[in-house]
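Engineer: The following block contains a protein sequence and its predicted model.
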Amino acid sequence: MTKQNPIVLIGFMGVGKTSVGTFLAKKTKVNFCDTDKMITRMEKATPGEIFATKGEAYFRRQETHILEQALKHPGIISTGGGIVEVKRNISLLRKSQATIVYIYGDLPHIMKRLLRNQRRPLVEKSTTREFYQLWERRDQMYRSIADVVVDSTNKRNNIVAAEVKLGV
Ligand code: S3P
């Protein structure tokens, strides 16, 4: 693991990107940036609230802006699950020197975590079938840009973090 280039964690909501990124950044003493948390700080509102008041497109623009800035610095960047929904984000990630790590989680594992955690706007407005289709479609997209894939299914965050560290 070098300290020169950023490491970007991508993956579906609820997979544990923030926890794994926080853990890893502390262990390796590098900077940590969480795009959702940055947006929340800037807007003084959660992603769910921003979706509801200003719309998803607005949220996505903020997300792209933060990603672009974060990629200029070394450290670990944790992204929102929808980062692959915007073409510009994909090209920013592909063009960057960052190592892109896909934190994979199978759907039952993700559902279990989402039910424990705070609510996400896309969970609330989707049927089970739509949610499965979203997971399946994004799984392909994450894989298409990832340099490394780490399976987080039924693993604790510190184990996933150790596997990320070994993989990059
Ligand atoms: C989203 C995932 C969320 C957050 C927003 C949209 C998505 O982040 O960015 O609610 O489209 O999957 P997490 O992946 O951290 O849940």
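Structural biologist: It's in. Numbering: from 1, shown residues only.

Engineer: now the closest residue in space to residue 32 that isn't next to it in sequence: how far from residue 138?
Structural biologist: Leaving out its chain neighbours, the residue that sits closest to residue 32 by C-beta to C-beta, 6 or more residues apart in numbering is residue 25, at 3.5 Å. C-betas here are computed from N, CA, C, even on glycine. Residue 25 is 24 Å from residue 138, where distance means C-beta to C-beta, to the nearest Å.

Engineer: related to what we said a few turns ago, can I assume the residue nearest to residue 32 is in contact with residue 74?
Structural biologist: No. With contact defined as C-beta atoms under 8 Å, residue 25 does not reach residue 74; the gap is 10.9 Å.

Engineer: shared neighbours of the two, which are they?
Structural biologist: Residues touching both residue 25 and residue 74 (C-beta atoms under 8 Å, 6 or more residues apart in numbering) are residue 31.

Engineer: Which one of these two is surrounded by more residues?
Structural biologist: Between residue 25 and residue 74, residue 25 has the larger neighbour count (other C-beta atoms under 10 Å), namely 20 against 14.

Engineer: Could I get the pLDDT score of the more buried one?
Structural biologist: Reading off the confidence values, residue 25 has pLDDT 96.

Engineer: coming back round to it: contacting residues around the residue nearest to residue 32?
Structural biologist: Contacts for residue 25 (C-beta under 8 Å, 6+ apart) come out as 31, 32, 75, 76.

Engineer: ok, of the residues you listed, which one's closest to residue 109?
Structural biologist: Proximity to residue 109 was ranked across the contacts of residue 25 by C-beta to C-beta; first place goes to residue 76, at 21.9 Å.

Engineer: Is that closest one bridged to anything, and to what?
Structural biologist: residue 7, residue 32 (DSSP bridges).

Engineer: about what we covered before: including distance to the ligand, neighbour count and pLDDT, could the contacts of residue 25 go into CSV?
Structural biologist: Supplementary listing: the contacts of residue 25 in CSV, determined by distance: C-beta to the nearest ligand atom, whole Å; neighbours: other C-beta atoms under 10 Å; pLDDT from 0 to 100:
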residue, distance to the ligand, neighbour count, pLDDT
31, 18, 13, 96
32, 14, 18, 97
75, 17, 18, 96
76, 14, 30, 97
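
Engineer: among the residues you listed, which two are most distant?
Structural biologist: 31 and 76, at 7.3 Å, using C-beta to C-beta across those.
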